[in-house]
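Visitor: Provide a 3D model corresponding to the input given below.
(2 chains)
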Amino acid sequence: DAGITQSPRHKVTETGTPVTLRCHQTENHRYMYWYRQDPGHGLRLIHYSYGVKDTDKGEVSDGYSVSRSKTEDFLLTLESATSSQTSVYFCAISESPVEQYFGPGTRLTVT
Amino acid sequence: AQSVTQLDSQVPVFEEAPVELRCNYSSSVSVYLFWYVQYPNQGLQLLLKYLSGSTLVKGINGFEAEFNKSQTSFHLRKPSVHISDTAEYFCAVSDRGSTLGRLYFGRGTQLTVWP
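Guide: A predicted model of the protein is given here:
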């Protein structure tokens, strides 16, 4: 398996609080991605990064921000969590724009 | 933009029977095609991919898929399934000309294999 870890693996938080999810890789891959997975929707891209400090929005970016200050870390922040952001969040990495490797996921519940 | 349609949300099948999971895509550009599998409470694992060349692609665990450009399809098949194949399967596409590798996923097909 590609060296990808996500933390925390599970989190319960209250509406209105900020939350930060971390994706850490040991593969030195250039590209990193954040997806959310919801029943009936498959995976949808939130944000992605194509290098340190180089990030861009995906299709469901409202309410989320990201940062990448080091190659190995890609942080996803929910600025003020809402119940609609209850989801499973997956990080992915790739070296070429062809094949992505996925992390184990973070299950986030916003109450 | 690309879109992916997985025609069946659930596919129940008995052990040792053949199975086909259907995937159609829509795109104005040439694409790469992928199938991923997700076992319960796990991340996604790449089953197989079509990049170029032969339209019949073989993947892990005995799965194969065929790219049909005229029908814009990439159906996944296995001649004989096992209980352990029970999982959710996702079809995905990316723009062949993109340097960013964004994946567009279908909504998934839950394959349940019964004894």
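Visitor: so how far is B:Ser98 from the residue of chain A found nearest chain B?
Guide: Nearest residue of chain A to chain B (Cβ to the nearest Cβ) works out as A:Pro97 at 3.0 Å. Bear in mind the C-beta positions are built from the backbone N, C-alpha and C, glycine included. Here A:Pro97 is placed at a distance of 6 Å from B:Ser98 (Cβ to Cβ, to the nearest Å).
Visitor: Same check on A:Val60?
Guide: Going from A:Val60 to B:Ser98 by Cβ to Cβ gives 19 Å.
Visitor: Tell me which residue lies nearest the centroid of chain B.
Guide: For chain B, the residue nearest the mean C-alpha position is B:Trp35 (3.3 Å; Cα atoms, centre = their mean).
Visitor: Oops, could you answer that again for chain A instead?
Guide: Most central in chain A (Cα atoms, centre = their mean) works out to A:Trp34, at 3.1 Å.
Visitor: Could you check which helix or strand contains that one?
Guide: In the assignment (DSSP states H and E), A:Trp34 maps to strand A:31-38.
Visitor: Pairing partners for the biggest strand by length in chain A, with directions?
Guide: Looking across chain A with DSSP state E, the single longest strand is strand A:42-51. Here strand A:42-51 has these sheet partners by DSSP bridges: strand A:31-38 (antiparallel), strand A:54-57 (antiparallel).
Visitor: what sits against B:Phe34?
Guide: Residues near B:Phe34 by Cβ atoms under 8 Å, 6 or more residues apart in numbering or on different chains: A:99, B:46-50, B:91-94, B:103.
Visitor: for chain A, what are the nearby residues on chain B?
Guide: Residues of chain B found near chain A (Cβ under 8 Å from any Cβ of the partner chain) are B:4, B:6, B:9, B:32, B:34, B:36, B:42-46, B:49, B:51, B:90, B:94, B:98-103, B:105-108.
Visitor: Throw together a PyMOL command that grabs the buried residues out of those residues.
Guide: A single PyMOL command selects the buried members of those (16 or more other Cβ atoms under 10 Å in any protein chain shown):
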select buried, chain B and resi 4+6+32+34+36+43+44+46+49+90+94+101+102+103+105+106+107+108
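Visitor: the strands in chain B, which residues?
Guide: B:3-6, B:10-14, B:19-21, B:23-26, B:31-38, B:44-50, B:56-58, B:64-68, B:73-78, B:87-95, B:104-105, B:109-114.
Visitor: contacts for the second one?
Guide: Contacts of strand B:10-14 with the rest of the structure, by Cβ under 8 Å, 6+ apart, involve B:19, B:21, B:81, B:109-115.
Visitor: can we see that at 7 Å?
Guide: With contacts defined as Cβ atoms under 7 Å, 6 or more residues apart in numbering or on different chains, strand B:10-14 is touched by B:19, B:21, B:81, B:109-114.
Visitor: go on, the last one?
Guide: Here strand B:109-114 makes contact (Cβ under 7 Å, 6+ apart) with B:6, B:8-15, B:19, B:21, B:81-83, B:85-89.
Visitor: just the buried members of those residues?
Guide: Neighbour counting with 16+ other Cβ under 10 Å marks B:6, B:11, B:13, B:19, B:21, B:81, B:85-89 as buried within the contacts of strand B:109-114.
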